[in-house]
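Asker: What would the 3D arrangement of this be:
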Amino acid sequence: EVASSKSKDQVYMTLFSPQYHSEAVIVTPEEVGLVSIRDELGSAAWLAVPGFFWVFVAASFYNTYHERTGGSFSDAFWGR
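Answerer: Got it, this is the predicted structure:
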């Protein structure tokens with residue numbers, strides 16, 4: 001369970017898990033490594049850039065092969 005409260009412009013969170021705690025623990029987001037959704041999405045977008053590049057390269061190879069030979073992807077894969 002997570003509960004949050006704001007005191008003097010400092011955010012504190014109350015964390016509790018019966019598996020790890022006998023009583024609730026009060027921490028700041030920095031102490032537990034909490035990051036914003038904006039930061040997570042920014043990191044994910046930078047990880048996706050190389051993937052988009054390779055999808056573009058694969059699509060370009062497929063289109064070039066199809067234009068030159070009229071064959072399908074499976075033809076190119078099996079060397080027909």
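
Asker: wouldn't Val25 be in contact with Leu15 here?
Answerer: Yes: the pair Val25 / Leu15 is scored as a contact, 5.1 Å apart, by CB atoms under 8 Å. The way it works is simple: take the backbone N, C-alpha and C, and place the C-beta from them, glycine included.

Asker: Where do the helices of this protein begin and end?
Answerer: With DSSP state H, the ranges of helices along the chain come out as 29-32, 37-69, 73-78.

Asker: ok, of the ones you listed, where does mean pLDDT dip lowest?
Answerer: Within these, confidence is poorest for helix 73-78, with a mean of 72 (mean pLDDT).

Asker: Reformat the helices of the chain as CSV; add distance to Val11.
Answerer: Formatted as CSV, those follow (distance: least, CB to CB, whole Å):
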stretch, distance to Val11
helix 29-32, 6
helix 37-69, 15
helix 73-78, 52
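
Asker: Let's have these in CSV, adding mean neighbour count.
Answerer: Formatted as CSV, the helices of the chain follow (neighbours: other CB atoms under 10 Å):
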stretch, mean neighbour count
helix 29-32, 12
helix 37-69, 10
helix 73-78, 11
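
Asker: For Ile37, see how far away the residue nearest to the spatial centre of the chain is.
Answerer: By CA atoms, centre = their mean, the chain has its centre lying nearest to Ala44, at 4.0 Å. Going from Ala44 to Ile37 by CB to CB, to the nearest Å gives 10 Å.
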